[in-house]
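J.: One predicted model, sequence on top.
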Amino acid sequence: MNKYLFRGLTEDKKWVYGDLSHRKVWSDIVTIISYYDEEFDNYTEYIVEAETAGMCSGVADKHGKPIFDGDIVTYKEIEQFYDDDHPLESAELIVERNRIVTFADGKFEPLPIISYCEDPWYNSGACDFEVIGTIFDGVINNG
């Protein structure tokens, strides 16, 4: 079974999940293929809007929801502040951030900091990623 999971929006604004297929016949057609068995005999192929097709990061948010390219996540990050007058003294501040998940240069952003967040030595309740929407929510809601 393929380890990669993709999603895309159909023309009737429904998310579908599965393998990605891109064909160029008369025009660019992007499809998501959902398999229902391990022999790949039973499947459904959905035509999706190409700009909405995105890959799963392989990481889940704090509720167990998979995080995809194009999701908007909220998380807390520890920022360290240093005093120029007292270089050995610093302060930590937990800052909440909202960011769009993107895949660029072979990695998902902002997700690479997750390994830092999972380290109990550094983590003091920061970095709990939560999917709060997608960049396509307006497309879905206005569709």
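T.: Ah, there it is.
J.: Return the distance of the residue of the chain most remote from its centre relative to Leu5.
T.: What lies farthest from the middle of the chain is Asp85; by Cα atoms, centre = their mean that is 40.8 Å. In this view, Asp85 and Leu5 are 51 Å apart by Cβ to Cβ, to the nearest Å. Using the backbone N, CA and C atoms, a C-beta is placed for each residue, glycine as well.
J.: How about Phe68?
T.: Taking Cβ to Cβ as the measure, Phe68 falls 8 Å from Leu5.
J.: neighbour count winner among the two?
T.: Phe68 (23 against 17; other Cβ atoms under 10 Å).
J.: show me what contacts that one?
T.: Arg7, Gly54, Met55, Cys56, Ser57, Val101, Thr134 (Cβ atoms under 8 Å, 6 or more residues apart in numbering).
J.: Now do it, the pLDDT please.
T.: With respect to pLDDT, Phe68 scores 93.
J.: now the residue lying closest to it once chain neighbours are set aside: how far from Val101?
T.: Once flanking residues are discounted, Phe68 sits nearest to Gly54: 4.7 Å by Cβ to Cβ, 6 or more residues apart in numbering. Separation of Gly54 from Val101 (Cβ to Cβ) stands at 8 Å.
J.: Kind regards, and thank you for your time.
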